[in-house]
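J.: Predicted structure and sequence below. I'll ask about it afterward.
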Amino acid sequence: MRIRDSIHTDQFPPSYYTATCNDLTPFRRLEGNMHVNVCVVGGGFTGVAAALHLAEKGYDVALVEQNRIGWGASGRNGGQVIGGYGPELSNMSKIQKVFGRDNARAAWEMGVECVDIIDEWISKYDIDCDMKWGYFDAAMKQREMDELAESMETLKSFGYKPEQRMVGADEVKNYVGSDRYIGGLTNMGWGHCHVLNLVRGEARAAEKLGAKIFEDARVSKIEYGDKVTIDMDTCRITADILVLGGNAYLGKLVPKLASRILPTGSYIVTTEPLEESVAKEILPANFAVCDQRWALDYFRLTADNRLLFGGLATYSGRHPRDIIGAIMPNVLKVFPQLKGVKIDHAWGGYMGIGLNRIPQLGRLAPNVYFAQAYSGHGVAPTHMSARLIAEAISGQMERFDVMAKIKHPPFPGGQMFKAPIQAVGMAYYRLKDALG
């Protein structure tokens, strides 16, 4: 049985995204049994993008989601559309260490392509999701500035075309109206969007191409073989191929995947709409911003001039009783000028983290594919994982194999102890952040 989210009901969380979504009209419920070429489990970005890629290729696809499309992390996150694979693969030496010298360029190109997929689909399917280009990696220490400069040079060495620029202390307030940062790196190839509108817009696009999208379809059992049987409460789907895209919400349905992922709580608030002058003061360029710490802050403006600010991380499965009280001290460290501002929305949920913090992609059997563990960096990389799975299903294994060959160890300690061990590890990294 997959996990339910203890912080919110099975309907959408009381988030900014829910309150401003273009279309919350339910997708249909599955009634009766059926057979399809491909069954996709999970209605977040991984599953929806896989369904859309496969529908574009003409496959008969059914997607089943236990709650609503975009109900999980894909419809709750910070909305930052970022390429690459996160800080674990931020420079040439790290990329080559993981992928090998021969595959480093292919891996990097896929890290760029994931953003291109989103850009292409927004245009192709006319998805209204408030997409804005511009991203600022904010630095608090000179060491972080040096690492960002190295990251920029890595991208340049691979031929990255969007404009990037290192920004010093004299210019930082052109991007973030705060004394907390000494500089950073701008990137015009990354940006931010309304993620619930994006994922549901992609699902509608897949549906128009013939994909069958089902909500309120909780998978209780999977039987593997030449044909895969996916059992739900009152019906079943048989499929030639299965794609598992449930990520942090897959629970114990697939034990081999559960051992390699830790559902980790993350939390966000949005303010009331800010006066134009205040919005211009705190984020003059309307870029998405993220700092470089392990226990990081990330923030941006919404289309209606709210500050969306996220952070924190919990590993116990217990959520803060007061999300606003937990996050506001961090907000005011960055923007003390917002003291007294009204918070209109506060929410949280689970993201999937792997032990090595690199996305996991592979096969459990010749006809069973999976992708998970984006470690808070999944809006764009999910789209690439989905494309690679669609390519592999079509018989093009080369790029899929580049990612699938990465070894992803299970968390030590098993189900009982993996969360406490991860919490101890994060406490160590928080201490490193504090000590510089």
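T.: Structure's in. What do you need? Everything numeric here is computed off the predicted structure, so don't read it as measured data.
J.: Other residues contacting stretch 321-333?
T.: Applying CB atoms under 8 Å, 6 or more residues apart in numbering, the set of residues contacting stretch 321-333 from outside is 180, 267-269, 297, 307, 309-312, 320, 338-339, 343, 346-348. For every residue, glycine as well, the C-beta is placed using N, CA and C.
J.: Of all the residues in that stretch, which ones are buried?
T.: 323, 326-328, 330-331 (16 or more other CB atoms under 10 Å).
J.: could I get those as JSON lines with distance to L24?
T.: Converted to JSON lines, the buried residues of stretch 321-333 look like this (distance: CB to CB, whole Å):
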{"residue": "I323", "distance to L24": "22"}
{"residue": "A326", "distance to L24": "28"}
{"residue": "I327", "distance to L24": "25"}
{"residue": "M328", "distance to L24": "28"}
{"residue": "N330", "distance to L24": "30"}
{"residue": "V331", "distance to L24": "28"}
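J.: and of those residues, the nearest to D60?
T.: Using CB to CB, I323 comes nearest to D60 of the buried residues of stretch 321-333, at 42.0 Å.
J.: so how far is N187 from that closest one?
T.: Counting by CB to CB, to the nearest Å, the gap from I323 to N187 is 29 Å.
J.: May I have the beta-bridge partners of L63?
T.: Here L63 sits in beta bridges with V40, I213, going by DSSP bridges.
J.: Can you report how many residues neighbour it?
T.: By other CB atoms under 10 Å, 31 other residues sit near L63.
J.: With Y374 instead?
T.: For Y374, the neighbour count with other CB under 10 Å is 30.
J.: any idea how far it is from Y125?
T.: For Y374, the distance to Y125 - CB to CB - is 23 Å.
J.: Just give me the residue closest to the centre of this structure.
T.: In the chain, the C-alpha closest to the average C-alpha coordinate belongs to G378, at a distance of 2.4 Å (CA atoms, centre = their mean).
J.: For that one, which non-adjacent residue is closest in space?
T.: F45 (6.5 Å; CB to CB, 6 or more residues apart in numbering).
J.: Surely the one you found touches M384?
T.: No: between F45 and M384 there is no contact under CB atoms under 8 Å: 10.4 Å.
J.: Compare these two (neighbour count), which wins?
T.: Comparing F45 with M384 by neighbour count (other CB under 10 Å), the higher total belongs to F45, at 31 against 27.
J.: just to revisit the earlier point, need the contact list for the residue nearest to the centre of the chain.
T.: By CB under 8 Å, 6+ apart, the contact list for G378 reads 45-46, 73-74, 77, 247, 351, 359.
J.: so L301 sits right up against K280, yeah?
T.: No: if you go by CB under 8 Å, L301 and K280 don't touch, sitting 9.6 Å apart.
J.: Settle it for me: which of these two has more neighbours?
T.: Ranked by neighbour count (other CB under 10 Å), L301 and K280 place L301 first, with 24 against 15.
J.: neighbouring contacts of the host helix or strand of V38?
T.: Using DSSP states H and E, V38 sits within strand 34-41. With CB under 8 Å, 6+ apart as the test, strand 34-41 has contacts from 47, 50-51, 54, 59-64, 212, 219, 228, 230, 235, 237-246, 250, 393.
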